[in-house]
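Q: Just to be clear, the model below is a prediction. Sequence and coordinates:
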Amino acid sequence: MNTVLSRANTIFAFTLSVLAVLTFGCFLTTAFKDNITNVHIDTSKHLVKSTYTPHGEKSDRGHFYFDLNVDLNPLFNWNTKQLFLYLTAEYETRNNKLNQVVLWDKIIKRGNKAKLDYKSLSTKYTFFDNGNGLRGNKNITLTLSWNVVPNAGMLPMVYGDGSTMFSFPDEYTTQKL
């Protein structure tokens, strides 16, 4: 009646269907978790310099040091593979209502140290503004956000509970950044 290949195909299809249902059930156990934790950010030594981009355009380059304190251990559960953290600066200029720049990032895998307590950390990426929007800007907001990379399910983007605001000086610096 049925060949060996037909029976193997039926067993394989049934096994895949059961695994898909089990994976979806596993996803549902963590799908409604909020993944939010408190973040504490402080900044110091704010400097801004008039410079040129690698493309030859005149721009402002900002530099500062930041302290970061956050415990990400509550975000890890059986369905969390890793966290992708990134620190963004948001500010407004005359030309653009909203500017967002990623200044620092880090990947934390399951089993690694998830309680971060950094002091006087420099930005990982250069803080350029196309134009002169950083000098004298009084409203730079730093926010730590993260993506929870699951074993199964959606990839949520979460903003940390806590951000900080700072301002850049009104004068350009002549120091080397």
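A: Arrived safely.
Q: Which elements pack onto the helix or strand hosting V39?
A: V39 is located in strand 39-52, with elements delineated by DSSP states H and E. Judged by 3 or more Cβ pairs under 8 Å, 6 or more residues apart in numbering; DSSP states H and E, strand 39-52 is in contact with strand 58-71, strand 140-150, strand 157-166. In this view, the C-beta of every residue, glycine as well, is placed from N, C-alpha and C.
Q: Give the next helix or strand downstream of the longest one.
A: If you walk from strand 58-71 toward the C-terminus, the next helix or strand you reach (DSSP H and E) is strand 80-91.
Q: Distance of L75 relative to D34?
A: 10 Å (Cβ to Cβ, to the nearest Å).
Q: Nearest to the spatial middle of the chain, which residue is it?
A: What sits nearest the mean C-alpha location of the chain, by Cα atoms, centre = their mean, is Y86, with 2.5 Å.
Q: which residues touch that residue?
A: Counting by Cβ atoms under 8 Å, 6 or more residues apart in numbering, Y86 makes contact with 102, 104-106, 144-146.
Q: picking up where we left off before, so for L75 and D34, which sits in the more crowded spot?
A: Set side by side, L75 and D34 show more neighbours around L75, with 19 against 9, by other Cβ atoms under 10 Å.
Q: Of all the helices and strands packed on strand 39-52, which one is nearest E90?
A: strand 140-150 (4.7 Å; Cβ to Cβ).
Q: got the contact list for that closest one?
A: Under Cβ under 8 Å, 6+ apart, the answer for strand 140-150 is 27, 30, 35, 39, 41, 43, 62, 66, 68, 70, 72, 75, 79-91, 103, 134, 155-160, 162-168.
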